[in-house]
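Participant: what shape does this take:
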Amino acid sequence: MVNLTLKFVAFARGSGLRISTSEVLDCLNHLALVDVLDQEQFAMTLRTNFVKTYRDQPAFDRLFRLFFHELRDADTSKHAGTLNGHIEEALAAMQQQMQPGGLPQPIRDFLLDDPLGYLQALQAGRAEQMGPGQALGGNMGGLVNRLAIMLALDNARSAMARYLSENRNSIPWEIREDLNAYFTARLRNARDLLFENQPAVGAGVQTRISQDQRLNQLSGKAFQALTPKEMQELREVIRKLAAKLKDTLNRRNAKRSRGMLDFKKTVRRSAQYYGLPMEVVYKKRIPHKSKLVVLCDVSGSVWSAARFMLNMLYSLQECFTKVRSFIFVSDLTEITAIFERYEADTAMDKVLSEADIDYQAATNYGRMLRLFQDQYLETLNKKTTVIIIGDARSNYQDPEEGILKEIREKSRRLIWLNPETKQFWYSGDSEAATYQPYCHEFRLCQNLDQLHDFIKELVL
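Facilitator: Below you'll find the model as predicted:
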């Protein structure tokens with residue numbers, strides 16, 4: 001894995017990504033602490049060490065995908081072990097067919113699974129195009145460079161097709177198919193790199209603006225109205241927001257870590273200075289962390305919103321002394337162990353597939369509260385914040401508001417997050433009007449903006 005990582009570093013440097021030796025050493029040390037066979041952990045480790053700004057992120061992702069996937073896809077055929085000799089023969093024949101000039105060495109190396117020279121050629125062309133002193137539109141040098149490479153790739157594709165056609169009888173058809181797939185994939189990757197490696201002037205700024213605009217569009221959109229693709233985008237946004245909130249909290253705790261004067265230690269330290277208090281010692285302030293209990297309605301009407309709220313809360317587990325989570329429809333079950341064992345997104349899927357609960361049952365908040373009272377009420381104390389996520393629609397069953405009152409009395413705070421539009425809270429089988437007086441907070445939470453505001457108040 002060390003050699004593979006070093007090859008990727010050379011590959012990335014050849015494409016213009018700035019990676020220092022110290023960053024490589026740090027990355028190798030970090031890889032020893034993770035499961036390198038887990039692609040997500042491996043990619044995250046490399047990304048954490050090698051990506052310095054948001055502008056480098058798309059380039060890193062593209063290079064990682066190309067190096068670890070696309071450049072190796074052509075090597076996975078069942079005849080890959082016998083291709084090497086045929087590849088050399090094909091390249092020699094293509095070299096002769098493309099005279100004068102032949103096949104450029106960077107492209108030949110790229111087709112032989114050594115992309116460094118090709119990337120350096122692309123980077124040199126890019127530097128020529130974007131170099132100092134170039135007036136707007138004065139990029140003919142870079143354009144000529146790209147045009148020459150594009151023509152060489154087209155000629156290589158034609159030469160490869162002629163070689164396979166002329167050797168139809170001497171090369172078995174299985175080998176011909178694999179050679180065609182191999183060279184087609186390599187040439188396609190080379191062509192993609194040729195155009196991807198030449199961003200237009202101002203493209204990075206425009207991408208940043210469009211990402212901000214996209215976030216604004218998603219953050220104000222109701223969870224229930226999101227498409228599957230938008231849900232995936234929003235999960236990534238939530239992960240970044242959670243990391244930012246944790247960093248903010250850590251900085252705040254660091255600033256507030258100094259408590260009151262520790263008189264006894266200050267006096268003892270002064271003994272070495274003939275009784276003068278040269279070193280003043282302060283008591284270390286312990287950051288306040290509360291316990292968190294989450295009761296989440298997972299019936300179909302609110303699950304799309306509830307999963308985002310659970311995802312955000314469990315991304316911030318380190319901000320609380322203990323987080324316990326329960327889901328319910330009519331019955332109640334604890335899922336804390338699932339979240340402690342798996343990452344948030346994986347845990348969500350496990351909840352749907354493994355939790356012992358009837359998702360088709362009619363929602364019954366009263367029964368849920370009775371079960372919580374019987375089994376878990378004694379675990380609450382004045383350090384516990386209880387959060388209930390749901391629309392409070394109980395299908396005209398007994399709401400058991402007295403139990404909710406008891407939960408409020410035993411806990412530090414009782415907060416209800418309702419993802420349903422506010423104008424429907426007091427209609428039909430909704431018990432929002434019944435439960436609201438017993439909550440410290442009963443608030444609307446149906447999009448990312450509202451969820452983020454709530455989490456900031458809760459954590460910070």
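Participant: show me the contacts for residue 91.
Facilitator: Taking Cβ atoms under 8 Å, 6 or more residues apart in numbering, we find residue 91 in contact with 103, 108, 111-112. C-betas here are computed from N, CA, C, even on glycine.
Participant: centre of the chain to the helix or strand harbouring it, how far?
Facilitator: Per DSSP states H and E: residue 91 is located in helix 83-97. How far helix 83-97 lies from its chain's middle: 42 Å, per Cα atoms, centre = their mean, to the nearest Å.
Participant: would you mind writing the CA trace of it as PDB?
Facilitator: Coordinates of each C-alpha in helix 83-97 appear next as PDB, following Å, rounded to 0.1, in the frame of the first residue of the first chain:
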ATOM      1  CA  LEU A  83      -2.400  -9.100 -22.500                       C
ATOM      2  CA  ASN A  84       1.000  -7.600 -21.700                       C
ATOM      3  CA  GLY A  85       2.800  -9.000 -24.700                       C
ATOM      4  CA  HIS A  86       0.000  -8.200 -27.100                       C
ATOM      5  CA  ILE A  87      -0.100  -4.600 -25.800                       C
ATOM      6  CA  GLU A  88       3.600  -4.200 -26.500                       C
ATOM      7  CA  GLU A  89       3.200  -5.700 -30.000                       C
ATOM      8  CA  ALA A  90       0.200  -3.400 -30.700                       C
ATOM      9  CA  LEU A  91       2.000  -0.300 -29.600                       C
ATOM     10  CA  ALA A  92       5.000  -1.200 -31.800                       C
ATOM     11  CA  ALA A  93       2.700  -1.700 -34.800                       C
ATOM     12  CA  MET A  94       0.900   1.600 -34.000                       C
ATOM     13  CA  GLN A  95       4.200   3.400 -33.800                       C
ATOM     14  CA  GLN A  96       5.100   2.300 -37.300                       C
ATOM     15  CA  GLN A  97       1.700   3.100 -38.700                       C
END
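Participant: show the average pLDDT along that helix.
Facilitator: On average, the pLDDT along helix 83-97 is 78.
Participant: list the buried ones in that helix?
Facilitator: 83, 86-87, 90-91, 93-94, 97 (16 or more other Cβ atoms under 10 Å).
Participant: residue boundaries of the strands in this structure?
Facilitator: Here the chain has its strands, by DSSP state E, at 258-261, 282-284, 291-297, 322-328, 332-334, 384-389, 413-418, 441-444.
Participant: I'd like those strands as JSON lines, with mean pLDDT appended.
Facilitator: Output for those, formatted as JSON lines (pLDDT from 0 to 100):
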{"stretch": "strand 258-261", "mean pLDDT": "71"}
{"stretch": "strand 282-284", "mean pLDDT": "74"}
{"stretch": "strand 291-297", "mean pLDDT": "92"}
{"stretch": "strand 322-328", "mean pLDDT": "91"}
{"stretch": "strand 332-334", "mean pLDDT": "93"}
{"stretch": "strand 384-389", "mean pLDDT": "94"}
{"stretch": "strand 413-418", "mean pLDDT": "95"}
{"stretch": "strand 441-444", "mean pLDDT": "94"}
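Participant: go through those strands and name the closest to residue 1.
Facilitator: For residue 1, the closest of these is strand 322-328, at 34.6 Å, according to Cβ to Cβ.
Participant: direction included, what does the closest one pair up with?
Facilitator: Strand pairing for strand 322-328, using DSSP bridges, gives strand 291-297 (parallel), strand 332-334 (antiparallel).
Participant: which parts of the stretch 351-460 of the chain are helices?
Facilitator: 365-375, 401-410, 432-435, 448-459 (DSSP state H, counting those that start in this stretch).
Participant: kindly report the same for the stretch 51-200 of the chain.
Facilitator: In the stretch 51-200 of the chain, the helices defined using DSSP H, counting those that start in this stretch lie at 56-65, 71-73, 83-97, 105-111, 116-130, 140-166, 173-196.
Participant: lowest average pLDDT across the ones you listed?
Facilitator: helix 71-73 (a mean of 58).
Participant: alpha carbons of stretch 11-31, as CSV, please.
Facilitator: Taking Å, rounded to 0.1, in the frame of the first residue of the first chain, the C-alpha atoms of stretch 11-31 are listed here in CSV:
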residue,chain,number,x,y,z
PHE,A,11,0.5,10.9,-10.3
ALA,A,12,-1.3,13.8,-8.5
ARG,A,13,1.8,16.0,-8.5
GLY,A,14,2.1,15.5,-12.2
SER,A,15,-1.4,16.8,-12.6
GLY,A,16,-0.6,20.0,-10.6
LEU,A,17,-1.8,19.0,-7.1
ARG,A,18,0.7,20.4,-4.5
ILE,A,19,1.7,17.7,-2.1
SER,A,20,4.7,18.1,0.2
THR,A,21,6.9,15.4,1.6
SER,A,22,5.8,16.0,5.1
GLU,A,23,2.2,15.5,4.0
VAL,A,24,3.1,12.2,2.4
LEU,A,25,4.8,11.0,5.6
ASP,A,26,1.8,12.1,7.7
CYS,A,27,-0.5,10.3,5.3
LEU,A,28,1.5,7.0,5.5
ASN,A,29,1.4,7.2,9.3
HIS,A,30,-2.4,7.8,9.3
LEU,A,31,-3.0,4.9,6.9
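Participant: returning to that earlier point: Throw the helices of the stretch 351-460 of the chain into JSON lines and include mean pLDDT, thanks.
Facilitator: Below are those laid out as JSON lines (pLDDT from 0 to 100):
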{"stretch": "helix 365-375", "mean pLDDT": "96"}
{"stretch": "helix 401-410", "mean pLDDT": "96"}
{"stretch": "helix 432-435", "mean pLDDT": "95"}
{"stretch": "helix 448-459", "mean pLDDT": "87"}
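Participant: neighbour count and distance to residue 416 for the contacts of residue 91 - can I get that in a markdown table?
Facilitator: Shown next, in a markdown table, are the contacts of residue 91 (neighbours: other Cβ atoms under 10 Å; distance: Cβ to Cβ, whole Å):
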| residue | neighbour count | distance to residue 416 |
| --- | --- | --- |
| 103 | 21 | 69 |
| 108 | 19 | 67 |
| 111 | 23 | 63 |
| 112 | 13 | 64 |
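Participant: picking up where we left off before, out of the buried residues of helix 83-97, who's nearest residue 309?
Facilitator: For these, the minimum distance to residue 309 (Cβ to Cβ) is 52.0 Å, reached by residue 83.
Participant: quick one on the thing from earlier: of the helices of the stretch 351-460 of the chain, which approaches residue 281 most closely?
Facilitator: Using Cβ to Cβ, the nearest of these to residue 281 is helix 448-459, at 30.2 Å.
Participant: what's in contact with that closest one?
Facilitator: Contact partners of helix 448-459, identified using Cβ under 8 Å, 6+ apart, comprise 218-221, 223, 234, 237-238, 241, 245, 249, 308-309, 312-313, 316, 319, 385, 415, 417, 443-445.
Participant: show me those residues that map onto helices.
Facilitator: When DSSP state H is applied, the contacts of helix 448-459 are split such that 218-219, 234, 237-238, 241, 245, 249, 308-309, 312-313 fall in helices.
Participant: having no further points to raise, I will conclude here.
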